[in-house]
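**Q** Quick one: sequence and predicted model below, then my questions.
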Amino acid sequence: MSKRVAFTITVLFAAFSADSLGSQERGAAVTRQTEADEYTRYELLAPDTASFKISYEVSATAPGAKVFFNAIRKGSLASNEAVYDAMTGEPLPFEVVSGTEARKDPLMTEADVSGSFIKIHLARAVPPEGRGRLLIVKTYKDPKSYYREGDGIVFQ
């Protein structure tokens, strides 16, 4: 084989390998938070409290993600928040952050800056093609969504 042919094959192989590696890295890079298999259970508390409890089950699906953001309903006052790793049942650390703070995370560049979020620190990074199942519990007080009307109650 001539030096020119060998050199051409080497250059082509190197270019193909670099492109292939770049594609793998681009494929692994996640551009936004993703989730799947959401389920929400609402428990209406006494109507005069205008409060309801939410149990929200969700799977974090963004490969490599170490945190998960859950929006706090606008116009509601959230309390009694708790987050659990569904695989182990163990509580997970979390903090409430502004939309501006959430936007600093590469997965949340489109977060609503006027909102608030529960930023959950996952027990383990979401595996490639895998999921991290969470249970998020919180109570909302929202007189515009849950109130008495005559002899009945309204929940919107």
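**A** That came through, no problem.
**Q** can you give me the helices in this structure?
**A** Counting by DSSP state H, one finds helices in the chain at the ranges 3-28, 99-102.
**Q** between the ones you listed, which gets the lowest average pLDDT?
**A** Mean pLDDT is lowest for helix 3-28 among the helices of the chain, at a mean of 38.
**Q** beta partners of the residue nearest to the spatial centre of the chain?
**A** In the chain, the C-alpha nearest the mean C-alpha coordinate belongs to residue 68, at 3.6 Å (Cα atoms, centre = their mean). The bridge-partner assignment for residue 68, based on DSSP bridges, gives residue 120.
**Q** Might you report the residue contacts of it?
**A** Residues counted as contacts of residue 68 (Cβ atoms under 8 Å, 6 or more residues apart in numbering) are 33, 35, 58, 60, 119-120, 122, 132, 134. The C-beta positions use only the backbone N, C-alpha and C, and glycine is treated the same way.
**Q** which residues sit in contact with residue 77?
**A** Shown in contact with residue 77 (Cβ under 8 Å, 6+ apart): 140-142.
**Q** Please identify which of those is nearest to residue 54.
**A** Taking Cβ to Cβ as the measure, residue 54 lies nearest residue 140 of those, at 6.5 Å.
**Q** Next, count neighbours for the closest residue to the closest one other than its chain neighbours.
**A** Leaving aside its sequence neighbours, residue 140 sits nearest to residue 76 (Cβ to Cβ, 6 or more residues apart in numbering; 4.1 Å). Residue 76 has 21 neighbours, counted by other Cβ atoms under 10 Å.
**Q** my guess is residue 76 meets residue 139, correct?
**A** No: counting by Cβ atoms under 8 Å, residue 76 does not reach residue 139; the two are 9.4 Å apart.
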